[in-house]
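Chemist: from the sequence below, what's the structure:
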Amino acid sequence: MSKDLIVEINDDSFVFIVGEYDESLNFKILSKLKKKASGIQDGKVIDLEKSYTIIKKCLDDLEEELSFVFKNVNLIINFNDYECINVTGFKRLNGDQLLKDDIFFILNNLKRQISENENNKSIIHLFNTRYSLDDNEYANLPIGLSGNFYNHQISFLLSKNKHLENIRLLMNKCNLVINRINIKNFLEGINIINKEKEETFFKIYIGKSKSYILSFYKSSLCFYQNFNFGSDIVKSDISKVCTLKLSTVENFFSVLHFMKKDNFDQEYLDKKFFIDDKFRKVSLELIRDVSKARIEEIVSIIFSKNINLENIKADINKIFLFFCDRNLNKDIEKLFEDCLIKSNQELKLKTNNLTQNDDFQECIVSAELNKKGWTKEALPVIQSEKSFISRIFSRFFE
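Modeler: Reported below is the predicted structural model:
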C-alpha cells in the first residue's frame, strides 16, 4: 500500500508525518518526526545545503523505519509574506438563468486579471468567498436560478515565484516531487473551524517578534496581514523606559503580577530580579503603564484602527487570539484581551495558547484535506497538469 508523506517547513523546525488512507479516506499515522530546522528564515529557504542535510537525514530515517522509498511529498509552507487578494466578477443576466458557462466567463476574467497584475507570483489557494444574485447572497452557487445581476467574489492566496522555486529546488534535491502545497495559516483556520464549529472569525496571532491577523468568511480565508512585531516589543519598552537590562526584564516578566495595583505585594520591583543589573527602585505601576501603552498601540495597529478591516468587521464578531510565547505573562495576555474587547464590546473573544501537542496538528489537517478537499476551495492542487480553468471546474462541479 502506498504511503503518503507530509512535510511542514518552519523557521525553527521540520515536521514529518507518514500515513496511509483507508477505503473511507481516513488517514492513519504510521510515523511522525520533528527536527530542529536550519537554513530557513520567514518560512523561506535561505541556505539550501543546510536545509537539505537535515531533511535528507530525516527522510533516510523514515524510509529505513518503514521500508519504503518516498517519491512524492505534500508540503506545508509557513511564509509570512504571502498575499490575499479579493477580486469580484459579475455577469448581467437580464432575467435569464445563471449557467455554468456564465461562471466560467467570470472566473476566466478574474484569472486573467490576476495573471496580468501579479505575474511574479503563483496561486497557492483559491476560495469561493461570496456569490450573490440580485443582491441576495447564497450559501452555494445559484446555478439554474434566474435574475438580473450575478456577483462572484474569489479570494486568491499568492506567493512569490522565487520563494516557491527555492522550495521546489530543496525538494528536488531530496528526489521528491511536490504533489500539493498548503499554506499553514489556512490549515490552522480549518483546525479552528473543525474544533470550534465557527466558520466566520478573525484569528489574531501574537508571536515573539512577528504577529498576524487573518479572517475566514463562511470557511473561506479572505484576509491576511502580517506585522513585524510581537510580545517581545513590550519587554523592550520596559527595558528602555525603566533603564533595565533586557535580561532583568526577562527575569520578572513571566512571573510578576502587575495588572492591578491591588495585587501588588510591594510598590517596587524586588531586588531578587536584579541578577546581572544594578539595583534601582522601579515602580511596578510604571511597568504596568508601559506595558499597557504598548499593548494598546499593538491592538490599534492590528485590529481596532486597521483600515484594511473596515469592510470586514461588520460581518465578523468572533476573535480567536493566539499567543506563541508559552512563558508569556498572564497579565500581558489579559491586557491584550481587555484592549480588544474595549475596541468593540460586541466581540466574542477566545484566547488560546499554543502547546507542544499542536506541533503535528497542521500535518494531520493537511492529510485530510489532500484527499477530501475543502468545501470552499476552488483550486485544491497547484501541481496538477490540468489547465487553471479545468482545475477550478473539477472542484466546482465534480
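Chemist: doesn't residue 168 fall inside a helix?
Modeler: Yes. Counting by DSSP: H, G, I helix; E, B strand; the rest coil, residue 168 is located in a helix.
Chemist: wait, what's in contact with it?
Modeler: Under the criterion of C-beta atoms under 8 Å, 6 or more residues apart in numbering, the contact partners of residue 168 comprise residue 178. (Each C-beta comes from the backbone N, C-alpha and C, glycine too.)
Chemist: try it again with 6 Å
Modeler: The contact partners of residue 168, taken as C-beta atoms under 6 Å, 6 or more residues apart in numbering, number zero.
Chemist: oh, and call the first residue 39 from now on, that's how I've got it
Modeler: From this message on, residue numbering opens at 39, which makes the last subject residue 206.
Chemist: look at it and report its pLDDT.
Modeler: In this prediction, residue 206 carries a pLDDT score of 95.
Chemist: equivalent analysis for the one 3 residues further on, please.
Modeler: Looking at residue 209, its pLDDT is 97.
Chemist: is it in a helix, a strand, or coil?
Modeler: The three-state label for residue 209, taken from three-state DSSP, comes out as helix.
Chemist: from residue 163, how far off is it?
Modeler: 19 Å (C-beta to C-beta, to the nearest Å).
Chemist: higher neighbour count, those two?
Modeler: Neighbours per residue (other C-beta atoms under 10 Å) separate residue 209 from residue 163, with residue 163 holding more: 25 against 20.
Chemist: dig out what the more buried one forms beta bridges with.
Modeler: Residue 163 has these beta-bridge partners by DSSP bridges: residue 195.
Chemist: mind listing what residue 196 touches?
Modeler: Contact analysis of residue 196 by C-beta under 6 Å, 6+ apart lists 121, 156, 159, 161.
Chemist: rerun that using 10 Å as the cut-off
Modeler: Neighbouring residues of residue 196 by C-beta atoms under 10 Å, 6 or more residues apart in numbering: 120-123, 152, 156, 158-164.
Chemist: next step: the residues you listed restricted to helices.
Modeler: Residues of the contacts of residue 196 located in helices (DSSP state H): residue 152.
Chemist: give me the distance between the nearest residue to residue 125 once chain neighbours are set aside and residue 161.
Modeler: Counting by C-beta to C-beta, 6 or more residues apart in numbering, residue 125 lies nearest to residue 148, which is 5.0 Å off, once chain neighbours are set aside. Using C-beta to C-beta, one gets 11 Å for the distance from residue 148 to residue 161.
Chemist: count the neighbours of the residue nearest to residue 125 for me.
Modeler: 20.
Chemist: tell me the phi and psi of it?
Modeler: When read as degrees, to the nearest 10, the backbone of residue 148 gives phi -70, psi -40.
Chemist: what about the strands in the stretch 239-388 of the chain?
Modeler: With DSSP state E, counting those that start in this stretch, the ranges of strands along the stretch 239-388 of the chain come out as 239-244, 249-255, 258-265, 356-361, 386-391.
Chemist: quick one: which of these is nearest residue 311?
Modeler: Among those, strand 356-361 comes nearest to residue 311, with 22.3 Å by C-beta to C-beta.
Chemist: quick one, what contacts residue 366?
Modeler: 244, 246, 268-270, 272, 291-292, 374, 391.
Chemist: can you rerun that using 7 Å?
Modeler: Residue 366 is in contact with 269, 292, counting by C-beta atoms under 7 Å, 6 or more residues apart in numbering.
Chemist: what's the spacing between residue 161 and residue 274?
Modeler: Shown here: residue 161 relative to residue 274, a distance of 38 Å by C-beta to C-beta.
Chemist: same check, this time on residue 67
Modeler: If you go by C-beta to C-beta, the gap between residue 67 and residue 274 works out to 41 Å.
Chemist: how about residue 198?
Modeler: Relative to residue 274, and taking C-beta to C-beta, residue 198 is found at 30 Å.
Chemist: swap in residue 412?
Modeler: 39 Å.
Chemist: who has more neighbours, the two?
Modeler: For residue 412 versus residue 274, the count of surrounding residues by other C-beta under 10 Å is larger for residue 412: 22 against 13.
Chemist: just checking, the more buried one is part of a strand?
Modeler: No. Checked against three-state DSSP, residue 412 lies outside a strand; its state is coil.
Chemist: how's the protein carved up into domains?
Modeler: 42-117+200-229+397-406, 121-196+421-434, 236-392 (automatic domain parsing).
Chemist: comparing those, which yields the minimum mean pLDDT?
Modeler: Note on these: domain 121-196+421-434 shows the lowest mean pLDDT, a mean of 84.
Chemist: starting at the chain centroid, how far to that domain?
Modeler: Distance, stretch centre to chain centre, for domain 121-196+421-434: 23 Å (C-alpha atoms, centre = their mean, to the nearest Å).
Chemist: contacts only, for the residue nearest to residue 201 when sequence neighbours are not counted.
Modeler: Taking C-beta to C-beta, 6+ apart, and ignoring the residues beside it in sequence, residue 201 has residue 82 as its nearest neighbour in space, at 4.9 Å. Under the criterion of C-beta under 7 Å, 6+ apart, the contact list for residue 82 reads 117, 201, 204.
Chemist: of the residues you listed, closest to residue 88?
Modeler: Checking the contacts of residue 82 one by one against residue 88 (C-beta to C-beta), the nearest turns out to be residue 204, at 12.7 Å.
Chemist: tell me if I'm right that the closest one and residue 85 touch.
Modeler: No. Here residue 204 lies out of contact with residue 85, judged by C-beta atoms under 7 Å, at a distance of 10.2 Å.
Chemist: out of the two, which sits in the busier spot?
Modeler: Counting neighbours by other C-beta under 10 Å for residue 204 and for residue 85 shows that residue 204 has the greater number, 16 against 12.
Chemist: spatially nearest residue to the more buried one (excluding sequence neighbours)?
Modeler: The shortest distance from residue 204 to any non-neighbouring residue, by C-beta to C-beta, 6+ apart, is to residue 83 (4.1 Å).
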